[in-house]
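**Q** sequence first, predicted coordinates after that:
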2 protein chains.
Amino acid sequence: MELLERAISEKGTVLPGNVLKVGSIINNQIDISLMCAMADEACSRFKDKGVTKVLTVEASGIAFAVLIAERLKVDAVFAKKSKTSNVEGEVYSARCYSYTHRKENTLIIPKEYLGSADNVLIADDFLANGEAVSALLDMANRAGARVVGAAIAVEKGFQGGGDRLRAKGLEVFSLAVIDSMDGGKIVFRKDK
Amino acid sequence: MELLERAISEKGTVLPGNVLKVGSIINNQIDISLMCAMADEACSRFKDKGVTKVLTVEASGIAFAVLIAERLKVDAVFAKKSKTSNVEGEVYSARCYSYTHRKENTLIIPKEYLGSADNVLIADDFLANGEAVSALLDMANRAGARVVGAAIAVEKGFQGGGDRLRAKGLEVFSLAVIDSMDGGKIVFRKDK
């Protein structure tokens, strides 16, 4: 998606440890016109797939997921990273390592919000090693739900998570795929 | 807002410790038609106030804030609860105690996302003791920004935070104000 690639090139910064900072547009400040265009683009791919629920992970996936859910007229669910006092009853849980946050989280979704009648679209702002998407996929499978695909804002292609998920048969639609950030230069994949 | 009050009455549960669980509609699963109507209602109050930025706290405030930002055609910013590896540079920070999570957080907003040209609308899903709104207000003031008000989905009126903020001159617009949850019975304020 050219608009997103241009925004990343102009406003993104490569921080030590191959961390891409796009806080001014995606995951701290949200550039609303860009994010709405991103949600439109994701919906153009998945609008005929009978999606009944958009599934994401708190916190930075929520903006993208909710704007997609609004366009598809379906509810959104976000997995929490801890069981808070306002969560009760049985939950699905799955461990996942966050590359950006450098810590292992246990993602939690109450069982009441995901079921066998759901056609789930996974949505997230970043895909690197694919741990979060894999954890969501695993929980959706255990709920008996069907996963129609994953809409990702930025895929760090060089970390391989997206291609591993595609090889397993998941439709992963990433709006921008970065193949290299060597020396701070961001190179996008052309043949997505 | 009658639609929200009815949804809370029908789908909310009062958990021990005066915690209101509305996970099926607001802060775990997001009922998208309800949340869009809530954003519309908030915008009807603040649309002529020259808002340039909607400010919230991760994670459960993001959905409401982003849908408001979309309608007002302005960017959104969410304060983080920890300084992650994709945050660099100087930040505003403010301590706040979360009633729901029963822990003290240090909220962080990078200075580059909030400045003296901003007319800020604070948005959040819950207001109980008012700690999060006060922390956001404090950081906005330090940034030299003007705060035009706060749009809140659910105010727990009996905890007094909303009224304390109003007494200080902040325009707090809560879509539903709960005056009592004694014995699990949810009573809404009528004369908002």
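**A** Sure, I can see it.

**Q** in terms of helix, strand or coil, where does the residue lying closest to A:Gly184 once chain neighbours are set aside fall?
**A** Closest residue to A:Gly184 apart from its sequence neighbours, by CB to CB, 6 or more residues apart in numbering or on different chains: A:Val14 at 4.3 Å. Every residue, glycine included, has its C-beta placed from N, CA and C. Look at A:Val14: counting by DSSP: H, G, I helix; E, B strand; the rest coil, its state is strand.

**Q** quick check: the gap between A:Val14 and chain B.
**A** To chain B, A:Val14 is 11 Å away according to CB to the nearest CB, to the nearest Å.

**Q** mind listing what the residue most central in space within chain A touches?
**A** Relative to the mean C-alpha position of chain A, the nearest C-alpha, by CA atoms, centre = their mean, is the one of A:Asp124, at 1.4 Å. Each residue near A:Asp124 by CB atoms under 8 Å, 6 or more residues apart in numbering or on different chains is listed here: A:56-57, A:61, A:64-65, A:132-133, A:150-153.

**Q** A:Ser33 now?
**A** B:Lys73.

**Q** that older thread, in helices only, show me the contacts of A:Asp124.
**A** The helices, defined by DSSP state H, take in A:64-65, A:132-133 from those.

**Q** does anything pack onto the one helix or strand A:Met139 maps to? Which helices or strands?
**A** Applying DSSP states H and E as the criterion places A:Met139 in helix A:131-142. For helix A:131-142, the elements it packs on are strand A:53-57, strand A:75-79, strand A:91-98, strand A:103-110, strand A:119-127, strand A:146-156, helix A:161-167, judged by 3 or more CB pairs under 8 Å, 6 or more residues apart in numbering or on different chains; DSSP states H and E.

**Q** adding mean pLDDT and distance to B:Leu34, write these out as TSV.
**A** Below are the helices and strands packed on helix A:131-142 laid out as TSV (pLDDT from 0 to 100; distance: least, CB to CB, whole Å):
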stretch	mean pLDDT	distance to B:Leu34
strand A:53-57	98	15
strand A:75-79	98	9
strand A:91-98	93	23
strand A:103-110	94	18
strand A:119-127	98	19
strand A:146-156	98	23
helix A:161-167	98	32
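
**Q** report the distance from the lengthiest helix in chain A to the chain centre.
**A** Counting by DSSP H, the longest helix found in chain A is helix A:32-46. Counting by CA atoms, centre = their mean, to the nearest Å, helix A:32-46 is centred 13 Å from the centre of its parent chain.

**Q** residues in contact with the residue nearest to A:Asp75 when sequence neighbours are not counted?
**A** Closest residue to A:Asp75 apart from its sequence neighbours, by CB to CB, 6+ apart: B:Ile32 at 5.3 Å. B:Ile32 is in contact with A:66, A:69-70, A:73-76, counting by CB under 8 Å, 6+ apart.
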